[in-house]
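> Build me a model:
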Amino acid sequence: MSPERTSAQSRRPRPAGDIPRKSTTGSNRSAPKSAKRSVGEKKGQALQVTKVGSTSVFRVAVLFYTFLLAVFLVAGVILWFLLGVSGYETKLNHLIDSLLGSSTYHLIGLEVFVVTTAIGVVWVVILAALTTVAVKIFNLAIDLVGGIKIYLKPASSDD
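Residues are numbered from 1 along each chain as shown. Below is the predicted model:
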């Protein structure tokens, strides 16, 4: 802070976008250090991450993996429909029959969908749990090293 600031001004936090302006009184103050840096060197305001909430990460992970499962299921239904329309579904069933040596086994689209959905739900639970465990390990590592510094700078008016 510049020596011209009063103690009341130094205690008051400045908004992130507040840029010190030159005085119009004609005083020959030097520009602050942040103004002397080139545009690429500005670091902005530093924040330190010391913990990540595991329950919020679990909620986001469940939502993310559920949407991912939904995307894969929709893609699978579209692919199965295209296989049926193009005639490759019967060729796939014939291939499975020849590999298994059985002529009674056939893939039925609804059964494939139900089994895939069940497996997908299990994977959503497992991956959300693993993500939560990863957050716990991350928090332990952060406790050891003291945190991660993140530098934020105000958005430019050009955007």
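
> following the host helix or strand of residue 134, which helix or strand shows up next?
Element membership for residue 134 (DSSP states H and E) is helix 109-145. Toward the C-terminal end, the helix or strand that comes next after helix 109-145 (DSSP H and E) is strand 148-152.

> Buried residues, stretch 142-159. List them.
residue 142 (16 or more other C-beta atoms under 10 Å). In short, each C-beta sits where N, CA and C put it, glycine included.

> hmm, I was thinking of stretch 103-117
Under the neighbour-count criterion of 16+ other C-beta under 10 Å, stretch 103-117 has residue 116 buried.

> Stretch 91-102 now?
Of all the residues in stretch 91-102, not one is buried under the rule 16+ other C-beta under 10 Å.

> Is it correct that residue 107 is in contact with residue 91?
No - if you go by C-beta atoms under 8 Å, residue 107 and residue 91 don't touch, sitting 11.3 Å apart.

> any idea how far residue 126 is from residue 62?
Note on residue 126: its distance to residue 62, by C-beta to C-beta, to the nearest Å, is 11 Å.
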